[in-house]
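# Show me the folded form of this:
(2 chains)
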Amino acid sequence: MTQDLNMDIAARSSIADPSLADEGLLAIAWARRHSPVLNGLVRDELADGTFEGKRVALVVHLEAKTAFLATVLADAGAKVVVAGSNPHSTRDDVSAALVNLGIEVHSSRNSSYEQWEADLLSVADTEPQYIIDDGAELTVRMAKHRPRLFDRLLGVSEETTTGVARLRTLHSEGRLPFPSMAANDAACKHMFDNRYGTGQSTVQAILKLTNLLMAGKTVAIVGYGWVGRGIATYVRGLGGQCIVVETDPVKALEAFSDGHEVSNMVAALPRSDLVVTATGGMRAVASRHFPSLKPDAILANAGHHDLEIDVDALAEESSSRVDLRDGITQFDWQGKKTVNVLSSGALVNIAGGLGHPIEIMDLSFAVQGLSCRELVIGDYEPGVHVLPKHLDDAIARAKLVSEGIHLDSVDDDQLDSMDQWLEVNP
Amino acid sequence: MSLEDNILDPGLAAEGAQQMEWARPFMPVLAEAQASAKESGALVGRRVGISLTLDATTGSLAQALADAGASVSVHSTAAYTIDAVAAALTVRDIPVYARSDADAALDSILLDRFVDGRIELLVDDGAHVTRHIHAKRTDALQDLAGVAEETTSGVRPLRVMADEGALKVPCIAVNDAKTKQLFDNVYGTGQSVVMTLLDVTNLQMQGKTCVIVGYGCVGQGIARMAHALGARIVVTEVDPVRALQAIHDGHRVAKLESVCPSGDIFITATGIGYSLTGDHIRRMKDGAVISVGGAGPPEIDLGGENPLQAAGLARAAVRTIPIGDERSVFLIADGECSNVAVGEGNPIEIMDLSLAVQLYAIAYLAEHSGTLTNDVHAVPAEIDDRVARSALRAIGAELDIPSPAQIRHAASW
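Next up is the predicted model:
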């Protein structure tokens, strides 16, 4: 990268403070060290020139792990432009480091909603061919505000359940003229990211914000999908007792068979020191539940929406509201009892912690990198597609190899073919 | 330097008060201990010095002792001081000698000022103040009537002093109380050491080979929490019974030297110096992460035949240590006890138990120090009982009462 080009990139970027680059570079180096799949398999796969000169927009939570993905794409020859999928998770030092590395960035931490949207449209105006998106934030804005550029998109790879749902809606309305990849639906994404990543980081953030002990706590886990399962595993491992609340009978039976107590909200809440929502829906803890809450209860959200805990209703029904510690708001509900809400009801592991562990994002971003490559080289119809299984397997295998683990393969005579079956059942 | 310099900034008092307010509902056992001491009047007018990690829970102990009528002062060293709590106590007329920005020279001045307060009853941590008084401030022995020691690494030197006839004051091994050691060391330190490591590294525990050096209460707790989060545990021990216990807990046991090349994470929990040295560290793989859950320096010692040189920070609280062949390992908190140095220390509910034992022990010393020998004494069993019952009451768990038939059977042979 020449000095001139770097200055050009700096001039085109809009970031908070270019002088923070050194700290950001350290953070990216730390992420690289713990990302063997991105740095190995994905780097190797992308080295075939597929991305040479391709314009790729990367819109995910802008911190060190995302930045490392940006550098891998740039090293493969792509012209990468980066923005944050949420202004509150953008790290200014990491943005500065990316610009320093010759990658265009449009993002500033805690910018206003309007500024954040303007940053996304600045990315759109670079006329990307491919988007690696989170919540389909850039995709839907291009559809709305830059229809001409939207029609010229060649593919979108999407990170989250919510974003995939938005893409499916666009497709069913006949408004998705290009193929997209549901990265979230790859096994190496949701089985690890949602369960282990969100599970560990949610429990970690709750303990960090509160300085409390898990051993001996009774914890209501509202929702037993991948995220709820992960949280329940770690709560129990650290000595807490889970009460799982579900509306889906199969999931409830699964929780029961996993050894957890299963109950409903009204019965569970009066006994729960901590309530963690992981439903993916809205108002899982709402006004009708407040009377049942145990005094001094702590509420945390690990689901998708910031609205799983109805904090507005809680505020309305409370006589006072105090920001007691970083990330802890204490409400005096109807003057009768204290209720604590972590991170204002936003995703506690992201708003109140460091987000997912690096090794988890190594897998998730490996899925994103290979999904995006599929969009470039593959012959996909417009619509929502899933990463082919052999690539999912390749990611898992690469991670295992980085840990020094090599698998057996199945011999032909182990296969349960019809011939074999007849042989043993003559 | 003036007396106002004993703390960093009195302006932080409101923030410190909020931190103590957050801790309050989670410390019901300390509250009951305080009420009991107040009722007995045992502490009225007694000069009590506290030298512990200075956070919101220690602040609550100081406040509880003051509320029970004692004249309290507090000391802590720079690495373990939260200035806001120091300020909150100071404005409540509890003198504090602790600043997070103190260098070694200032720390030593602050310690002497604390000792100048003619302390009668001392809550000590690591026996630091007790040792200092015996070595350099024997003038203070005149007033010192008893010591309640918080940690394993403090009880050990006190026992050595007692064996050598050097101990000039009765001590209570608060650390050895069941309601302290079985909870604080196992669950408190276990949870907070593991969580601190994850917090400062942003790594996952799943799939890691985690080597735990030492399988005492702290090592057991760390192993349990790390295993719960998905790590594979290897325990290294010098004690055969503990090693056997580790195997029965489902962990692998190996020689430290032999697992150095395969471990991803190393956590020492011995409380004893030179448990992990430069010679071990040189054999580790690139990227290994090292942390202390025991007592701090020199538990991990970069010296050895071929001393190692620490380099810059890889990220906040994570020090890069090059070990040759372009490999590096990462040391958390420069080898200080990680959960207190770069985390928030033990969880509040755990400190509720430990500090309630401290308060009962100080009240016990206030009443009995005249009749106790200059030795290391166990915490009376009834204190353990009271603390556990009080905690169970707060949780809402009920106990059975043995029936007359059970009592008869237990007493028969």
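
# right, and B:Tyr274 touches B:Pro297 too?
No - contact between B:Tyr274 and B:Pro297 fails when scored by CB atoms under 8 Å: they sit 10.1 Å apart. From N, CA and C alone the C-beta is placed, and that goes for glycine too.

# In contact with B:Gly207, which residues?
A:Glu359, A:Glu403, B:Gly230, B:Ala231, B:Arg232 (CB atoms under 8 Å, 6 or more residues apart in numbering or on different chains).

# From chain A, how far off is the last one?
Taking CB to the nearest CB, to the nearest Å as the criterion, B:Arg232 is separated from chain A by 11 Å.

# Residue in the stretch 251-400 of chain A with the shortest distance to chain B?
A:Pro357 (3.5 Å; CB to the nearest CB).

# doesn't B:Leu198 make contact with that residue?
Yes - contact status for A:Pro357 versus B:Leu198: in contact at 7.3 Å, counting by CB under 8 Å.

# Those residues of chain B touching chain A, which are they?
B:18-19, B:21-23, B:25-26, B:56, B:187-188, B:191, B:195, B:198-199, B:202-207, B:225, B:227-230, B:287, B:313-315, B:318, B:344-345, B:347-350, B:395 (CB under 8 Å from any CB of the partner chain).

# how about the nearest residue to the residue of the stretch 201-350 of chain B at minimum distance from chain A, chain neighbours excluded?
In the stretch 201-350 of chain B, the residue that lies nearest chain A is B:Ala228 (2.5 Å; CB to the nearest CB). Nearest residue to B:Ala228, sequence neighbours excluded (CB to CB, 6 or more residues apart in numbering or on different chains): A:Gly237, at 2.5 Å.

# For the stretch 201-350 of chain A, just list every one of the strands.
Using DSSP state E, counting those that start in this stretch, the strands found in the stretch 201-350 of chain A span residues A:218-222, A:241-245, A:261-263, A:274-277, A:297-301, A:318-325, A:328-333, A:337-342.

# ok, the longest one: who's next to it in the sheet?
Spelled out, it's strand A:318-325. Sheet pairing of strand A:318-325 (DSSP bridges) gives strand A:328-333 (antiparallel).

# which other residues reach the partner strand?
By CB under 8 Å, 6+ apart, strand A:328-333 touches A:209-210, A:290, A:293, A:311, A:314-315, A:317-324, A:338-342, A:344, B:22.

# swap the cut-off to 7 Å and go again
A:209-210, A:290, A:314-315, A:317-324, A:338-342, A:344, B:22 (CB atoms under 7 Å, 6 or more residues apart in numbering or on different chains).

# now it, how far from the chain's geometric center?
28 Å (CA atoms, centre = their mean, to the nearest Å).

# Give the buried residues for it.
A:Ile328, A:Thr329, A:Gln330, A:Phe331, A:Trp333 (16 or more other CB atoms under 10 Å in any protein chain shown).

# hmm, back to that, neighbours of the residue of the stretch 201-350 of chain B closest to chain A, how many?
21 (other CB atoms under 10 Å in any protein chain shown).

# Which pLDDT value belongs to it?
We have a pLDDT of 96 for B:Ala228.

# gap between it and B:Gln220?
13 Å (CB to CB, to the nearest Å).

# Then A:Leu209?
Taken as CB to CB, the span from A:Leu209 to B:Gln220 is 26 Å.

# Please say which of these two ends up with more neighbours.
B:Gln220 (25 against 22).

# got a list of what that one touches?
B:Gln220 neighbours (CB under 7 Å, 6+ apart): B:Val186.

# for it, helix, strand, or coil?
Assigned with DSSP: H, G, I helix; E, B strand; the rest coil, B:Gln220 falls in the helix class.

# got it, and B:Val329?
Assignment for B:Val329 (three-state DSSP): strand.

# related to what we said a few turns ago, OK, contacts around the residue of the stretch 201-350 of chain B closest to chain A?
B:Ala228 touches A:Tyr234, A:Gly237, A:Leu238, counting by CB under 7 Å, 6+ apart.

# and what of A:Pro179?
A:Gly155, A:Leu375, A:Tyr380, A:Glu381, A:Pro382, A:Gly383, A:His385.

# neighbours around B:Leu89, how many?
28.

# What score does it have for pLDDT?
98.

# Hmm, it is touching B:Val96, no?
Yes - if you go by CB atoms under 7 Å, B:Leu89 and B:Val96 touch, sitting 5.1 Å apart.

# what residue ranges in the stretch 1-150 of chain B score low on pLDDT?
Residue ranges of the stretch 1-150 of chain B with pLDDT under 70: B:1-4.

# Do a quick rundown of the strands in it.
B:47-51, B:71-75, B:96-97, B:121-124, B:146-149.

# what's in contact with the shortest one?
Read that as strand B:96-97. Contacts for strand B:96-97 (CB under 7 Å, 6+ apart): B:Asn6, B:Ile7, B:Val74, B:His75, B:Ala86, B:Leu89, B:Thr90, B:Leu110, B:Arg113, B:Phe114.

# got TSV for those, with distance to A:Leu41 too?
Listed next are those as TSV, based on distance: CB to CB, whole Å:
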residue	distance to A:Leu41
B:Asn6	58
B:Ile7	54
B:Val74	55
B:His75	55
B:Ala86	52
B:Leu89	56
B:Thr90	58
B:Leu110	55
B:Arg113	61
B:Phe114	58
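
# what does the lengthiest helix in chain A contact?
Assignment by DSSP state H gives helix A:358-377 as the longest helix of chain A. Contact with helix A:358-377 is made by A:31, A:34-38, A:41-42, A:45-46, A:50-51, A:54, A:56, A:65, A:69, A:72, A:130, A:132, A:154-155, A:157, A:159, A:179, A:181, A:183, A:186, A:188-189, A:192-193, A:196-197, A:387, A:391, A:395, A:399, B:202-204, as judged by CB under 7 Å, 6+ apart.

# Now, those that are in helices?
Per DSSP H, the subset of the contacts of helix A:358-377 in helices is A:31, A:36-37, A:45-46, A:65, A:69, A:72, A:188-189, A:391, A:395, A:399.
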